[in-house]
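J.: Structure for this input, please:
(one chain, ligands or ions: 1)
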Amino acid sequence: MINVAILGYGNIGSGVGEVIEKNSAEIKRVLGDTLHVKYILDIRDIPGVVNDINVIVNDPDVKVVCETMGGKEPAYTYTHLALERGISVCSSNKELVDAYGVELSAIAREHNCSYLFEASVGGGIPIIRPLRESCAHEKITLIAGILNGTCNYILTNMKAGKDFATALREAQEKGFAERNPAADVEGHDTARKIAILASLVSGKKYSYEQVACEGITNITPEDFAMAESRGMSIKLLGVYDAEKNSVNVAPYLVPQTSPLYGVNDVFNGIMVHGTQVDNLMFYGRGAGKLPTASAVVSDVIECAKNIGRNIPNCFADLEPAEVSEPPAKPAGEKFRVLA
Ligand code: HSE
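T.: Predicted coordinates for the structure are as follows:
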């Protein structure tokens, strides 16, 4: 039995507990052992939940911690404490990975444990592990992704005639949106995710602050009519272009010929171009309790298979990237067109 702790018992954290329980037979099959949630930590007073991180990091039985708190603090301090004790941490926290992922990965390596973050990008879509392993030898030249479920839900529903506020409220009710949904609709969440992906494939650390970022708050019903008349859809994309060395987030016109055209509602789609493998497309639920929790559990299993060893995550040695301006919008146009 491998003991696990969950930090943050909100939407994703409670989902992690649920996935571990519901899929115990599948987990046993792939791991050859069972996972047991020994502790749940939350800042709220909930029966059966601990409030003190020291209870967890001082318990030598705990081998893996799931950090599903979100935000920088106390997630950073708690992650640091766990890794220093040789406890692996599996995170869904894109803000933390973007800001401190390099440092935390180096601490994990130093202490023979792991810092993994599959759930930080693309919700339930396996994207970090395929890029880190299956595409490790590839030269990735382009990543273009619909990376925010909330924005895609809003844009899909606005295209169908719903107003922005109603669509955002629904996304919040369904548990897709960030605590402060400005992070979704202003593009910051997408910026963090594309920065993480760019870092993973480039060997340089791209950070959220370097991403030229435009959100979806200025899109009007007329824009959808214009896009439709040109046979395109409007999608908020995060784009990393290795040749131009640019990383940006903006609403794009996506032609029907693109696999991203039909990615709707909460779904995310990530197109990756490698020089040998050519085009890859990753698709799935980009937000929501169980899909995101499923991605966290995939990391827990990998850590549980590697107790006492560091899993290289391609983040520990990254030097800061230098970034160029993204290509300008075509003259007189509100949107770029995805090539
Ligand atoms: N608010 C995020 C989204 C959650 O809507 O995509 C998943 O990272």
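
J.: who's in contact with D61?
T.: When contacts are counted by CB atoms under 8 Å, 6 or more residues apart in numbering, D61 is found next to 3, 38. Placement of C-beta: from N, CA and C, glycine included.

J.: I'd like to know how many residues surround A242.
T.: 17 (other CB atoms under 10 Å).

J.: What residues does the stretch 151-300 of the chain have near the ligand?
T.: For the stretch 151-300 of the chain, the residues in contact with the ligand under the definition CB under 6 Å from any ligand atom are 176-178, 184, 189, 286-287.

J.: Mind checking which of those residues land in helices?
T.: In this view, these that belong to helices under DSSP state H are 184, 189.

J.: Can you tell me which of the residues of the stretch 151-300 of the chain next to the ligand is nearest F315?
T.: D189 (19.0 Å; CB to CB).

J.: Let me see the ranges of the strands in the protein.
T.: 2-7, 35-41, 62-67, 88-91, 115-116, 140-146, 204-205, 212-213, 232-241, 246-255, 267-274, 278-285, 319-320, 336-337 (DSSP state E).

J.: could the ones you listed go into a markdown table alongside mean pLDDT?
T.: Output for those, formatted as a markdown table (pLDDT from 0 to 100):
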| stretch | mean pLDDT |
| --- | --- |
| strand 2-7 | 98 |
| strand 35-41 | 98 |
| strand 62-67 | 98 |
| strand 88-91 | 99 |
| strand 115-116 | 99 |
| strand 140-146 | 98 |
| strand 204-205 | 98 |
| strand 212-213 | 98 |
| strand 232-241 | 98 |
| strand 246-255 | 98 |
| strand 267-274 | 98 |
| strand 278-285 | 98 |
| strand 319-320 | 97 |
| strand 336-337 | 97 |
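
J.: Please identify which of those strands is closest to P126.
T.: Using CB to CB and comparing these, the one that lies nearest P126 is strand 278-285, at 7.3 Å.

J.: Restricting to C-alpha, output that closest one in CSV.
T.: Taking C-alpha atoms only, strand 278-285 is exported to CSV below (Å, rounded to 0.1, in the frame of the first residue of the first chain):
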residue,chain,number,x,y,z
ASP,A,278,5.0,15.9,-38.4
ASN,A,279,1.7,17.0,-36.9
LEU,A,280,0.2,15.6,-33.7
MET,A,281,-3.1,16.5,-32.2
PHE,A,282,-4.1,16.1,-28.6
TYR,A,283,-7.7,16.4,-27.6
GLY,A,284,-9.8,16.0,-24.5
ARG,A,285,-11.5,17.7,-21.6
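
J.: Show me what it is packed up against.
T.: The contact analysis (3 or more CB pairs under 8 Å, 6 or more residues apart in numbering; DSSP states H and E) places strand 278-285 against strand 267-274.

J.: Give me the sheet partners of the strand it packs on and which way each runs.
T.: Each strand paired with strand 267-274, and its direction, by DSSP bridges: strand 140-146 (antiparallel), strand 278-285 (antiparallel).

J.: Dump those strands to TSV, plus distance to S233 and mean neighbour count.
T.: Formatted as TSV, the strands paired with strand 267-274 follow (distance: least, CB to CB, whole Å; neighbours: other CB atoms under 10 Å):
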stretch	distance to S233	mean neighbour count
strand 140-146	10	23
strand 278-285	15	16
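
J.: Dump those strands to CSV, plus distance to G215.
T.: What follows is the strands paired with strand 267-274, written out as CSV (distance: least, CB to CB, whole Å):
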stretch, distance to G215
strand 140-146, 14
strand 278-285, 21
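
J.: how about the ones you listed, which one is nearest D98?
T.: Across the strands paired with strand 267-274, closest to D98 is strand 140-146 (CB to CB), at 15.2 Å.

J.: Residues in contact with the closest one: which ones?
T.: When contacts are taken as CB under 8 Å, 6+ apart, the neighbours of strand 140-146 outside the stretch itself are 122, 131, 152, 193-194, 197-198, 201-202, 235-243, 260, 263, 267-275, 286, 338.

J.: among these, which ones are buried?
T.: By neighbour count, with 16 or more other CB atoms under 10 Å, these hold 122, 131, 152, 193-194, 197-198, 201-202, 235-242, 260, 263, 267-274, 286, 338 as buried.

J.: pLDDT below threshold where in this protein?
T.: For the chain, not a single residue meets the criterion pLDDT under 70.

J.: what residues go with each domain of this structure?
T.: Domain ranges of the chain: 2-123+288-320, 128-286, per automatic domain parsing.

J.: Ends of the longest one, what's the gap?
T.: One end of domain 128-286 to the other measures 13 Å (CA to CA, to the nearest Å).

J.: and it, how far from the chain's centre?
T.: Between the mean C-alpha location of domain 128-286 and the chain-wide mean there is a distance of 11 Å, by CA atoms, centre = their mean, to the nearest Å.

J.: Ramachandran angles for the closest residue to R179 other than its chain neighbours?
T.: In this structure, R179 finds its nearest non-sequential neighbour in G70, 6.9 Å apart by CB to CB, 6 or more residues apart in numbering. The phi and psi torsions at G70 (degrees, to the nearest 10) take the values phi 80, psi 160.

J.: Touching, G70 and V97? I think so.
T.: No. Assessed by CB atoms under 8 Å, G70 is found out of contact with V97, at 11.3 Å.

J.: Cool, thanks, signing off.
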